[in-house]
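Colleague: All I have is the shape, not the residue letters:
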């Protein structure tokens, strides 16, 4: 299957979708096999505490979520499992995602688990995150690619998981006009942040052949707004997001029909941003001036380095080596750009060994080029739905732009080259698509693209922000806005 690099890169936006929408897409996980049926196996409405919602994207039914609430003597446990089939580049892809969370009587988090797995014989991926609260510390274990990583994080204040949020609100007593500010922990990206939740008026929600009254609740977290209709028990009857996803309560047992419905809408084509005034080869350009229409202009990465923002126009000029006159990188920024984390495991022995083979003894610019060329030549260009993990990519050697970028970043950091991840849009086949690529500090920030094999990256890479997966889903704010890019100059 011949896939254009830009469209392959755009597959990463589906993972960002899942990160932004992971509030609802969980799967109960136990470290060892269990003889009991999973929520996905249950199909009878008689199953105690089992509820279900269908998941729709622009009117197409692409999956389902099953949920169970279990009261405990000292609190409660919530479980969710989701299964999805999506049309990506003309092929159907299956994804399982889910988890569980246990809280105390006051709603305080005690432990949780999260799992995301792609159902594929050619390129299976699985990421598991487990957490446990001990005092003011959160103990984490992240398993991916046959390896595990443990972390301890200080929790200066209690956190709530998205899985428990709505029942937590119901326990507080919902009244129209009330606004809550709650500290949330996203288990997919391991990011903490404040969520603002406002309770609106009561409305009647129709699901199936029934009508029920529920509070309309607006939530804002990490720049994305969601509207949910929640009953007095904290059960979500319906939910809408600006990403085009809708969840609606339905009778348990109808979930597997989602596999037969057929995801007819190609999700990659649906996320493209039209390019006006250019249809050439972006790889041959040295500069480009872009006019951004219906774009939020407050993204931190729009202005700086090779990009100059004036009004709603951006001038992008590729860097000329050697870079000079940029000063030095601040020590805190340098440490951050060299640090290992849960998914960029630059301190992993296998990553460090490969980095030494590629870059040992080379100056930083030549080392960065060697790593770019090696990742481009050796990682198979395959549509992949996964939480990108450098260690797992090194084992599988397959993936899209997220996998190429996270592996490059880990290798470059292991070689002592400060590296950051950029998220934005890149031009391919007449349109701009979601894309991720790295920048390396070699006297200044240099954009490179191991997915396209470019060193430096062409000027039709529009950087919107920098940061890991926890930042990438902010790009989803473009969807549904009617955004477009006019190419005013291309040289």
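Modeller: Cool, got the structure. Predicted, not measured: the structure shown is a model, and the values here were computed from it.
Colleague: So which bits of stretch 387-400 are buried?
Modeller: For stretch 387-400, a neighbour-count test (16 or more other CB atoms under 10 Å) marks 387-394, 396, 398-400 as buried. C-beta: built from backbone N, CA, C; applies to glycine.
Colleague: Just name the closest of these to residue 456, please.
Modeller: The shortest distance between residue 456 and any of the buried residues of stretch 387-400, using CB to CB, involves residue 400 and amounts to 20.6 Å.
Colleague: Looks like that closest one contacts residue 381 (just checking).
Modeller: Yes. Counting by CB atoms under 8 Å, residue 400 does reach residue 381; the two are 7.4 Å apart.
Colleague: Give the burial count for residue 431, as a bare number.
Modeller: Neighbour count of residue 431, defined by other CB atoms under 10 Å: 20.
Colleague: scratch that, residue 106
Modeller: Neighbour number of residue 106 under other CB under 10 Å is 9.
Colleague: Which strand or helix spans it?
Modeller: With the criterion set as DSSP states H and E, no secondary-structure element contains residue 106; it sits in neither a helix nor a strand.
Colleague: Quick check: the gap between it and residue 235.
Modeller: Between residue 106 and residue 235 the distance is 20 Å, computed by CB to CB, to the nearest Å.
Colleague: What residues does residue 309 make contact with?
Modeller: Under the criterion of CB atoms under 8 Å, 6 or more residues apart in numbering, the contact partners of residue 309 comprise 297, 302-303.
Colleague: Using CSV, lay out these together with secondary structure.
Modeller: As requested, these are exported to CSV (DSSP: H, G, I helix; E, B strand; the rest coil):
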residue, secondary structure
297, coil
302, coil
303, coil
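Colleague: Any of these buried? List them.
Modeller: The neighbour-count test (16+ other CB under 10 Å) applied to the contacts of residue 309 identifies residue 302 as buried.
Colleague: ok so, going back, what is the nearest of the buried residues of stretch 387-400 to residue 356?
Modeller: Distance to residue 356 across the buried residues of stretch 387-400 (CB to CB) is lowest for residue 394, with 13.5 Å.
Colleague: Confirm that the closest one sits in a helix.
Modeller: Yes. Checked against three-state DSSP, residue 394 lies within a helix.
Colleague: which regions of the stretch 351-491 of the chain sit below the pLDDT cut-off?
Modeller: Judged against pLDDT under 70, the low-scoring parts of the stretch 351-491 of the chain cover residues 383-386, 469-470, 473, 479-480.
Colleague: Tell me where it has strands.
Modeller: Taking DSSP state E, counting those that start in this stretch as the test, the strands found in the stretch 351-491 of the chain are 380-381, 398-399, 419-428, 431-441, 445-447, 461-466, 484-490.
Colleague: Tell me where the protein has helices.
Modeller: Taking DSSP state H to define them, one finds helices in the chain at 5-10, 12-21, 162-172, 258-261, 331-338, 349-359, 364-378, 390-396, 401-414, 469-472.
Colleague: May I see the strands of the stretch 351-491 of the chain organised as TSV, with distance to residue 206 added?
Modeller: Listed next are these as TSV, based on distance: least, CB to CB, whole Å:
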stretch	distance to residue 206
strand 380-381	45
strand 398-399	42
strand 419-428	38
strand 431-441	34
strand 445-447	50
strand 461-466	38
strand 484-490	36
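Colleague: any idea which of those is most buried?
Modeller: strand 431-441 (a mean of 27; mean count of other CB atoms under 10 Å).
Colleague: elements contacting it?
Modeller: For strand 431-441, the packing partners by 3 or more CB pairs under 8 Å, 6 or more residues apart in numbering; DSSP states H and E come out as helix 5-10, helix 12-21, strand 273-276, helix 401-414, strand 419-428, strand 445-447, strand 461-466.
Colleague: hmm, back to that, so for residue 64, which of the helices of the chain sits nearest?
Modeller: In terms of CB to CB, the element of the helices of the chain nearest to residue 64 is helix 258-261, at 5.1 Å.
Colleague: pLDDT-wise, which helix or strand of this protein ranks last?
Modeller: Considering only helices and strands, the least confidently modelled element of the chain by mean pLDDT, DSSP states H and E is helix 258-261, at a mean of 39.
Colleague: Below-threshold pLDDT in the stretch 101-250 of the chain: ranges please.
Modeller: For the stretch 101-250 of the chain, counting by pLDDT under 70, the residues that fall below are 119-124, 145, 242-243.
Colleague: could you pull out the strands for it?
Modeller: Counting by DSSP E, counting those that start in this stretch, the stretch 101-250 of the chain forms strands over residues 109-119, 126-134, 137-144, 147-154, 179-186, 191-207, 210-221, 224-230, 236-240, 245-250, given from the N-terminal end onward.
Colleague: Could you check those strands and tell me which one is nearest residue 290?
Modeller: Between residue 290 and the strands of the stretch 101-250 of the chain, the tightest spacing by CB to CB is seen for strand 224-230, at 24.5 Å.
Colleague: what does the closest one rub up against?
Modeller: 20, 23, 166, 169-170, 174, 203, 205, 214-220, 236-243, 473-474, 476-477.
Colleague: How far does stretch 455-472 sit from its chain's centre?
Modeller: Using CA atoms, centre = their mean, to the nearest Å, we find the averaged C-alpha position of stretch 455-472 to lie 14 Å away from the chain's own average C-alpha position.
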